[in-house]
Structures are given as C-alpha cells and as structure tokens.
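[1] what's the 3D shape of this:
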Amino acid sequence: MTDAQIFHDSDLDRAHKAKWFASRLAIYGVLLLWTVICLFPIYWTITTSFKMAPDVMQGNMVPFIDYTPKWLGWRSLGLSPDTISAESTVRAEFLKRFMNSTVVSLSASSLAVILGALAAYGLSRFSYRFGFMRNPDISFFFLSQLILPPVVLALPFLVLYKELALLDTRIGLILLYALTVLPIVIWIMRDQFASIPTELEEAALVDGLSIWGAFLTIILPIALPGMVASFILSLVLTWNEYFFAALLTGSNAVTLPVMVASQTGSQGISWWSMAALSFAAIVPLIVIGVVLERYIIKGMAAGAVK
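    All right, here's what the predicted structure looks like:
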C-alpha cells in the first residue's frame with residue numbers, strides 16, 4: 001500500500017468520523033431542545049410559586065437574577081418554612097383535597113384496570129354476539145363512548161346522582177371516573193392480550209388449570225406492562241379531571257383541580273398560589289411515573305422469559 005493510499009484512507013476515516021459526530025450532535029441537540037420545551041411548563045410553575053405579583057406581571061423568569069424568590073405562594077397554603085409548624089386551616093383544606101384526589105384517582109384507576117382487563121380478555125379470546133354486534137362492533141362501542149363531550153352528560157349525571165344520593169361523595173366520583181377511562185383500558189388491554197399466543201393457555205389447560213387459573217397465572221403476568229400503562233394513563237386522566245369534580249361536588253369530595261381553579265378573587269388570579277397548588281398536584285404523578293416505570297421494564301422482561 002502506497003503512502004497516497006494510506007493518506008486517502010485516513011482522510012476517508014476522518015470524514016466518516018466527522019459525519020458521525022455531526023449527526024450525533026444534531027440528534028442530541030434536537031433531543032435537548034425537546035426536553036427544554038417539555039420541562040419548561042414545570043419550570044415556570046415552580047418559579048411562579050416563589051414570585052411576588054410584580055414579578056409575575058413583568059414575566060421575570062430567572063430566580064436570583066430577574067427577581068428574589070419569596071415564599072408567598074407556599075405561605076398561602078401553609079406550607080412555607082415559617083408556617084409549616086403552626087396550625088393552618090388552609091393547609092388542612094389542601095390536605096383534605098389532596099386526599100380526595102388520591103383516593104378517588106387510585107380507586108377509579110384500579111377499578112377500571114380490573115374491569116377493563118377482564119372485558120378485554122374476553123373480547124380477545126371469545127366470540128360474542130349481541131344482536132347484530134360482534135366482537136369488533138362491541139369494541140368500537142366502548143371506544144365510541146369517548147366521542148360524547150362531558151357537558152352532554154352533565155344534566156343526566158346530576159339528576160341521577162341526586163336521586164342516588166351520590167352528590168359530593170368520593171364513591172360517586174370513583175364510579176364515574178372508572179366509567180370514563182374504562183374504554184381506554186379495554187382498547188389497550190385488548191391489543192395486549194391479542195398479542196399473547198393462545199398456545200400458552202392451551203398448554204395450561206392441558207396441565208389441568210382452569211380458564212381462570214390460566215388467566216391469573218400465565219396470561220396476567222405477561223400482560224403486566226399493558227396493565228401498568230393503562231393504570232398510569234387512567235391515573236393521569238382521573239387525577240386531572242375537573243369538569244365532573246366541579247359539577248358533582250360541593251365541599252366534602254372536592255378534588256385538587258377544583259381547588260386550583262378556585263384561586264381567583266376580587267383582586268384577580270393568585271398566580272403564586274395557583275402555581276404552588278399546581279406543582280403540589282404534579283409531584284405525585286411524577287413520582288408514580290418514575291416508580292412504575294421500573295415495573296414496566298420488569299414486566300416486559302418477565303414476559304420475554306415466559
């Protein structure tokens with residue numbers, strides 16, 4: 001090999017490395033930009049909770065440079081360092097609303113996942129006939145329930161809940177929220193069960209297991225990632241739901257979204273209080289998402305092994 005060929009190959013190698021580095025730089029640059037765009041609302045919410053009214057109106061964004069952080073937003077909730085040790089009716093009210101959102105969202109999401117998984121398993125494994133409707137029609141019927149805007153159902157649910165004495169109760173919201181997210185759970189879990197080979201159940205039946213035994217011991221562990229994803233999606237939707245919570249509750253079962261929206265008065269919107277409340281409502285979802293992500297990966301690995 002001549003010196004010219006060696007130099008030529010070296011130039012090609014450097015050009016290839018430069019092209020690879022430029023492509024990587026562009027990819028990571030786009031990802032970094034997208035990360036900033038996605039996280040900016042959270043950053044804005046956190047910083048706003050430490051602003052005074054003039055800082056909010058002037059659009060100051062960078063703490064300690066554009067403005068000096070204050071505990072105004074957190075003090076209004078009784079969660080600032082100087083108020084956390086003292087009694088606070090506002091903090092008690094916040095904790096009550098937080099507990100309402102936690103109980104309602106977790107219960108409704110769990111109920112929707114349980115019922116949705118059973119319905120989806122039946123639609124993916126058995127053939128049904130209800131009048132002219134077959135399995136695809138029944139699946140579409142569930143999904144079509146999401147087409148109706150919530151305001152159309154406002155009056156019927158208001159009258160029904162009044163007759164059943166479910167107004168301003170946690171159980172009322174749990175049943176309604178489970179009903180609203182059930183179609184989404186059914187569609188996610190139906191595809192999840194459909195991707196699992198039926199031979200696994202047939203082998204389990206040959207070994208002496210019943211249909212329920214095969215479902216609980218074989219199919220359910222494999223479908224765990226889909227169930228966790230359905231639970232997270234249901235939890236986010238029910239946690240952030242505002243319309244029915246504002247319509248069907250008054251004092252006892254009011255949730256955090258209603259409390260956030262109530263941060264208005266004769267002086268206008270208390271942006272700092274609303275930001276503090278919003279951030280307090282976001283944190284549990286972030287924690288749950290991070291924790292359950294590990295279980296999604298674990299469930300996928302378990303499914304691959306099985």
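
[2] Show me the strands in this protein, by range?
    Ranges of strands within the chain are 264-265, 268-269, based on DSSP state E.

[3] how about stretch 33-40 as CSV, C-alpha atoms only?
    Provided in CSV are the C-alpha atoms of stretch 33-40 (Å, rounded to 0.1, in the frame of the first residue of the first chain):
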residue,chain,number,x,y,z
LEU,A,33,-34.4,21.3,22.7
TRP,A,34,-37.4,19.0,23.0
THR,A,35,-36.5,18.3,26.7
VAL,A,36,-36.4,22.0,27.4
ILE,A,37,-39.7,22.5,25.7
CYS,A,38,-41.4,19.7,27.7
LEU,A,39,-39.9,20.7,31.0
PHE,A,40,-40.4,24.5,30.6
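
[4] picking up where we left off before, out of the strands of the chain, which gets nearest to Tyr43?
    Judged by CB to CB, the one of these that comes nearest to Tyr43 is strand 268-269, at 19.6 Å. Backbone N, C-alpha and C define where each C-beta goes, glycine included.

[5] what sits up against that closest one?
    Gln263 (CB atoms under 8 Å, 6 or more residues apart in numbering).

[6] what pairs with that strand, and is each one parallel or antiparallel?
    strand 264-265 (antiparallel) (DSSP bridges).

[7] for the closest residue to Val236 other than its chain neighbours, what are its contacts?
    Nearest residue to Val236, sequence neighbours excluded (CB to CB, 6 or more residues apart in numbering): Leu285, at 6.1 Å. Listed by CB under 8 Å, 6+ apart, the contact set of Leu285 reads 235-236, 239.

[8] What distance do you get for Leu285 to Tyr242?
    Leu285 is 15 Å from Tyr242, where distance means CB to CB, to the nearest Å.

[9] what residues are up against the nearest residue to Tyr177 once chain neighbours are set aside?
    Leaving aside its chain neighbours, Tyr177 sits nearest to Ala108 (3.6 Å; criterion: CB to CB, 6+ apart). Ala108 makes contacts with 173-178, 181, 234, 238, as judged by CB under 8 Å, 6+ apart.

[10] What is the nearest of the contacts of Leu285 to Leu143?
    Val236 (18.6 Å).

[11] mind checking how far the closest one is from Leu164?
    Plainly put, Val236 is 28 Å away from Leu164 if you go by CB to CB.

[12] Which of the two has more residues huddled nearby?
    The residue with more neighbours, out of Val236 and Leu164, is Val236; 16 against 12, by other CB atoms under 10 Å.

[13] Would you mind measuring from Ala26 to Leu32?
    Per CB to CB, Ala26 is found 11 Å from Leu32.

[14] same deal with Ala253?
    Distance of Ala253 to Leu32, computed by CB to CB: 43 Å.

[15] Thr180 now?
    36 Å.

[16] Need the pLDDT of Leu173.
    On pLDDT, Leu173 comes in at 95.

[17] residue contacts, the residue nearest to it when sequence neighbours are not counted?
    Once flanking residues are discounted, Leu173 sits nearest to Val104: 4.7 Å by CB to CB, 6+ apart. Applying CB under 8 Å, 6+ apart to Val104 gives the contacts 170, 173-174, 177, 238, 253, 255.

[18] cool, Ser262 as well?
    Here Ser262 is in contact with no residue (CB under 8 Å, 6+ apart).

[19] next one: Ala86
    Contacts of Ala86 (CB under 8 Å, 6+ apart): Gly78.

[20] Thr45 now?
    So Thr45 contacts 275, 278-279, 282 (CB under 8 Å, 6+ apart).

[21] Distance check, the closest residue in space to Met189 that isn't next to it in sequence against Phe142.
    In this structure, Met189 finds its nearest non-sequential neighbour in Ala120, 3.5 Å apart by CB to CB, 6+ apart. Using CB to CB, we find Ala120 at a distance of 9 Å from Phe142.

[22] Now do the shared contacts for the two.
    Contacts common to Ala120 and Phe142, judged by CB under 8 Å, 6+ apart, are 186-187.

[23] Now do the domain split for the chain, please.
    With domains defined by automatic domain parsing, the chain comprises 3-75, 89-305.
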